[in-house]
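Q: Provided below for reference: sequence and predicted model.
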Amino acid sequence: RLGVGTNKPSSKVDVNGTVEAMQISTNLIVASGSNQNISINPTEAGKLLIGGDSIVVASKATDPTTNPKAGQIYLNKTTNVLRFYDGNSWLTINTTPDNGYSADFAIASNQKLTFTPTGLPSGNSNRTLEAWVKFTSLPSSGNEMTILAYGDATSTGELFWLGIWNNGGTYVFQNDRYGIANPGTASLNLSTGVWYHFAVTYDGTYYRNYKDGVLTDTVTRTGSVLGTVLTAGAIGHRIDSDSHRLDGRVDDSRIWNTVRTSTEITNNKDIELTGNESGLVTYWKLNNSLGATSGENDLTNVNSVSFS
């Protein structure tokens with residue numbers, strides 16, 4: 001085990017042989033196998049050389065663009081998240097948002113968190129919905145699970161939602177009342193017991209769906225425009241019928257009145273917001289609380305949703 005501090009910026013350490021772990025200043029642990037040549041030179045922007053390949057471990061404000069290599073990692077000092085280059089693009093290293101509390105929905109108990117959608121985007125105005133989800137079970141073929149929805153709760157009303165539909169054994173995104181006509185096109189590889197971050201943006205014409213910050217599909221909306229009458233909203237349950245219930249946990253649910261970019265979604269999904277960010281109209285941290293961190297849309301607990 002080798003600990004390397006930053007109080008000697010001119011130092012250089014070369015290690016040959018077996019290294020169990022390496023700790024660099026801020027408790028970043030990098031494991032290696034045996035017989036690897038490891039060289040650390042803090043004067044070179046925190047480069048760590050393992051077998052000739054470079055891993056960036058320094059804090060930077062933006063993704064490195066000059067000849068990045070697969071396997072590079074750096075700490076984004078603006079968003080405080082680790083970023084990883086997979087050979088094609090920079091990705092955020094997935095961390096669970098489970099800070100001890102999240103809303104836990106039991107499908108058999110018909111549980112939901114409801115709200116009156118005050119000041120939320122309507123009609124064809126821009127919007128983004130996002131949330132972390134961990135499924136206890138997944139929807140059966142032909143069924144769907146609602147993560148977040150709001151709109152007109154009447155039988156003929158319009159609503160907008162972030163949900164997952166099982167299209168004959170293939171899980172896809174579903175985003176509005178006419179979801180059967182406007183489903184996502186990409187197959188989502190989903191499992192129970194795993195945290196996923198889901199987001200959907202709408203710009204008046206297109207839905208763009210994201211899983212863990214990665215764009216999965218772009219769907220042209222068909223059917224009538226989204227409604228301007230907003231009467232109800234819910235987390236974990238559809239608002240116009242007693243169906244499409246979620247079985248699992250939800251954390252850090254957000255609604256924006258802007259179309260968030262892929263970079264904005266990726267760079268902010270792993271961090272807890274303050275609640276006063278530009279464009280953020282409603283934010284539920286779901287940290288054992290029903291209060292909205294931003295906006296007026298406090299939640300009502302129906303049938304005893306638990307926080308655990």
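A: Now that the structure is in, tell me what you want to look at.

Q: Please make it C-alpha for all contacts and neighbour counts, starting now.
A: OK.

Q: count of neighbours near the spatially closest residue to F84 that is not a sequence neighbour?
A: Spatial nearest neighbour of F84, chain neighbours left out: I73 (4.6 Å); criterion: C-alpha to C-alpha, 6 or more residues apart in numbering. The local packing of I73 (other C-alpha atoms under 10 Å) involves 27 other residues.

Q: Got the confidence number for I73?
A: For I73, the pLDDT comes out at 82.

Q: helix/strand/coil for the residue nearest to R245 when sequence neighbours are not counted?
A: Once flanking residues are discounted, R245 sits nearest to H237: 4.6 Å by C-alpha to C-alpha, 6+ apart. Here H237 is coil, with the state taken from DSSP: H, G, I helix; E, B strand; the rest coil.

Q: Please verify my assumption that H237 contacts L246.
A: Yes - using C-alpha atoms under 8 Å, H237 is in contact with L246, at 6.2 Å.

Q: Report the set of residues contacting both of those two.
A: Each of 145-147 lies in contact with both H237 and L246 under the rule C-alpha atoms under 8 Å, 6 or more residues apart in numbering.

Q: Filter those residues down to the ones in strands?
A: Cross-referencing the shared contacts of H237 and L246 against strands under DSSP state E gives 145-147.

Q: could I get these as TSV with pLDDT?
A: As requested, these are exported to TSV (pLDDT from 0 to 100):
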residue	pLDDT
M145	94
T146	93
I147	95
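
Q: out of those, which is most surrounded?
A: For those, neighbours tallied by other C-alpha under 10 Å; top is I147, 29 neighbours.

Q: pretty sure it is touching H237, no?
A: Yes - taking contacts as C-alpha under 8 Å, I147 lies within contact range of H237: 6.8 Å.

Q: Identify the contacts common to those two.
A: Residues touching both I147 and H237 (C-alpha under 8 Å, 6+ apart): L246.

Q: beta partners for the spatially closest residue to E130 that is not a sequence neighbour?
A: Distance criterion C-alpha to C-alpha, 6+ apart; nearest residue to E130, sequence neighbours excluded, is A199 at 4.1 Å. On the basis of DSSP bridges, A199 is bridged to E130, Y210.

Q: Check which helix or strand the residue nearest the centre of the chain maps to.
A: By C-alpha atoms, centre = their mean, the chain has its centre lying nearest to H197, at 2.8 Å. Using DSSP states H and E, H197 falls within strand 195-202.

Q: buried sites along stretch 128-147?
A: Within stretch 128-147, the residues that qualify as buried are 128-136, 138-139, 143-147, counting by 16 or more other C-alpha atoms under 10 Å.

Q: oh sorry, the question was meant for stretch 282-293
A: 282-287, 290-293.

Q: How many residues are close by P64?
A: 15.

Q: Tell me how far the residue nearest to E130 lies from W132.
A: Per C-alpha to C-alpha, to the nearest Å, A199 is found 9 Å from W132.
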